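K.L.:
turn this into a structure:
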Amino acid sequence: MKWLKGDHLTRDHWFELFRLIGLSKELKLENLLFGDFFPVIPNIISQSDKLKSLSQRAQAEIVVREALQELDLWGSGTTFTLTEYIDSSGQIVYLVKDWKEIVSQVGDNLALLASLQDSPYIDNFLDRSNAWVQRLTDLDYCLTRFQLVQRKWVYLEPIMGRGALPKETARYAQIDEEFRKLIGYLKVDNRVISLVNGMKGKALKDTLNNLQEQLTRCQRALNEYLEEKRSRFPRFYFLGDDDLLEILGQSTNPNIIQTHLKKLFQGIHSVQFKNHHHHPHQQQQKQDHNQNTEDLKMDPNKLSTNIIAICSSEGEIIQLQKSVQLTNEIEICLEKLTNQMKVTLNELLIQCFNDKYSVENQHHQYKFDSNIYPEQILILSEAIHFCKNVENALNCGELYRLKKDLQGSKLELFS
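P.N.:
Presented below is the predicted three-dimensional model:
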């Protein structure tokens, strides 16, 4: 009688048990009594082996059933975590945040199904099991490509979104529209399994494959664009593609510029910025005909950011002769910064040299002042002045006097 009871027996098992021992199909489980088994005791005895096998199978099927129930719960409860991303036009786009965790869960579930299908007790669950295998296989495929598409979109959007590559604008606009549409679906129904429910899996595969192909073409065009930027400003070769994309895509962001300057200019540790309001009428009067017209195209009420000073790693601050405005053409801005750095240092060198020359003409010992001039300028000025004094001493035959003056300067410096 022990094979005739147990919580592990489902309705299907009971119906099969009724058939084995000859109980009427009209008898309802809810109304089954112990006494109902007495008339069929001979059948129970003769079918004891089959009843034992049925009970053991029912017990073993619990593992399969519970595993499939866990998959059902996972499918109905597992959702994407979306995070906000601000695109190049300032709009909010939602992106998937937890790819790694979800892809890992899908892989674990596929491994679970593989072990279930090796079970000798899977026959009663083949339809459900095969459906989950197909669903998770499609999901694994789509997640892998969706993740790649999102990564490439985020990589390209800061540049392509502002039309940096006119030839690829139409292609990228179509990609962008399709990608945002997919994200919109996830915003409405963020369940992971919603990606492949019904007939959506096949359509999504085709969409993702097309997006991946088109994004690859855009990326190829972008690589050519980066090479063009590097040829216009060779210091960009000091930056990797990701850093260069960041500085090109956020060329008016002071924090981004500050981050990469040390890689572009060995002598510049940081720069100082100042915000500036445009006054187009005054600005037009100051510009000559050869100046780049980028500034004139800007919104007159817009607040621009200018680089006004460069700083060394020792804390020296050098005010530029002329500030450099940050614009979308960052390579032009950095070229202007390079020129302004040269012009400013050249002017400081001339001033420093003339100050020293003027003081010594009055027969006074010149004293270095690092608060007025940076160390590099002081050292270079001293070197030039030394060469000039040596030339004069050689022409006048007064090397002994020069040596004596230098020794006196040395004693005074170290006293």
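K.L.:
any buried residues in stretch 103-119, and which?
P.N.:
Taking 16 or more other C-beta atoms under 10 Å as the basis for neighbour counts, the residues of stretch 103-119 that come out buried are 103, 105, 106, 109, 112, 113, 116. Placement of C-beta: from N, CA and C, glycine included.
K.L.:
what are the boundaries of the strands in the stretch 301-415 of the chain?
P.N.:
303-311, 317-325 (DSSP state E, counting those that start in this stretch).
K.L.:
comparing those strands by mean pLDDT, which bottoms out?
P.N.:
Set side by side, the strands of the stretch 301-415 of the chain show their lowest mean pLDDT on strand 303-311, which sits at a mean of 89.
K.L.:
what about it, distance to the chain center?
P.N.:
27 Å (C-alpha atoms, centre = their mean, to the nearest Å).
K.L.:
where does the stretch 201-350 of the chain have low pLDDT?
P.N.:
For the stretch 201-350 of the chain, residues meeting the criterion pLDDT under 70 lie at 201, 277-303.
K.L.:
same thing but 50
P.N.:
Using pLDDT under 50 as the threshold, the predicted model of the stretch 201-350 of the chain has low-confidence ranges 280-301.
K.L.:
rewinding a little: so of the buried residues of stretch 103-119, which ones are in helices?
P.N.:
Judged by DSSP state H, the subset of the buried residues of stretch 103-119 located in helices is 103, 105, 106, 109, 112, 113, 116.
K.L.:
gap between the fourth one and residue 207?
P.N.:
Residue 109 sits 24 Å away from residue 207, going by C-beta to C-beta, to the nearest Å.
K.L.:
nearest to residue 195, of the ones in helices among the buried residues of stretch 103-119?
P.N.:
Minimum distance to residue 195 across those is 10.6 Å, recorded for residue 106 (C-beta to C-beta).
K.L.:
of the strands of the stretch 301-415 of the chain, which approaches residue 339 most closely?
P.N.:
Taking C-beta to C-beta as the measure, the strands of the stretch 301-415 of the chain were each checked against residue 339, and strand 317-325 came out nearest at 8.9 Å.
K.L.:
what is the closest one packed up against?
P.N.:
Helices and strands in packing contact with strand 317-325 are listed as strand 270-277, strand 303-311, helix 330-361; criterion 3 or more C-beta pairs under 8 Å, 6 or more residues apart in numbering; DSSP states H and E.
K.L.:
can you tell which of these is closest to residue 91?
P.N.:
In this view, the helices and strands packed on strand 317-325 are compared for proximity to residue 91 by C-beta to C-beta, and strand 303-311 is the closest at 20.7 Å.
K.L.:
from the contact counts, what lies against the closest one?
P.N.:
For strand 303-311, the packing partners by 3+ C-beta pairs under 8 Å, 6+ apart come out as strand 270-277, strand 317-325, helix 330-361.
K.L.:
redo that, cut-off 7 Å
P.N.:
In terms of contacts (3 or more C-beta pairs under 7 Å, 6 or more residues apart in numbering; DSSP states H and E), strand 303-311 is packed against strand 270-277, strand 317-325.
K.L.:
give the buried residues for that strand.
P.N.:
Buried residues in strand 303-311, counted by 16+ other C-beta under 10 Å: 304, 305, 306, 307, 308, 309, 310.
K.L.:
so what's residue 141 up against?
P.N.:
Contacts for residue 141 (C-beta atoms under 7 Å, 6 or more residues apart in numbering) come out as residue 205.
K.L.:
does it sit in a helix or strand, and which one?
P.N.:
Per DSSP states H and E: residue 141 is located in helix 126-160.
K.L.:
could you point out which element follows that helix?
P.N.:
Along the chain past helix 126-160, the next helix or strand (assigned with DSSP H and E) turns out to be helix 169-188.
K.L.:
show me what that following helix is packed against.
P.N.:
strand 92-96, helix 126-160, helix 200-232.
K.L.:
got the angle for that helix vs strand 92-96?
P.N.:
Taking axes from the mean of the first three to the mean of the last three C-alpha atoms, to 10 degrees, one finds that helix 169-188 is oriented at 70 degrees with respect to strand 92-96.
K.L.:
contacts for helix 169-188?
P.N.:
In contact with helix 169-188 (C-beta under 7 Å, 6+ apart) are residues 80, 82, 93-94, 149, 153, 160, 163, 207, 211, 214-215, 217-218.
K.L.:
go again with 8 Å.
P.N.:
By C-beta atoms under 8 Å, 6 or more residues apart in numbering, the surrounding residues in contact with helix 169-188 are 80, 82, 93-96, 146, 149-150, 153, 156-157, 160-161, 163, 165, 194, 204, 207, 210-211, 214-215, 217-218.
K.L.:
what do you get for stretch 251-259?
P.N.:
Applying C-beta under 8 Å, 6+ apart, the set of residues contacting stretch 251-259 from outside is 246-247, 250, 270-271, 273, 304-305, 307, 326-330, 333.
K.L.:
between those residues, which is closest to residue 236?
P.N.:
Sorting those by distance to residue 236 puts residue 247 at the head of the list, at 8.3 Å, by C-beta to C-beta.
K.L.:
need phi/psi at the closest one.
P.N.:
With angles defined as degrees, to the nearest 10, residue 247 sits at phi -70, psi -30.
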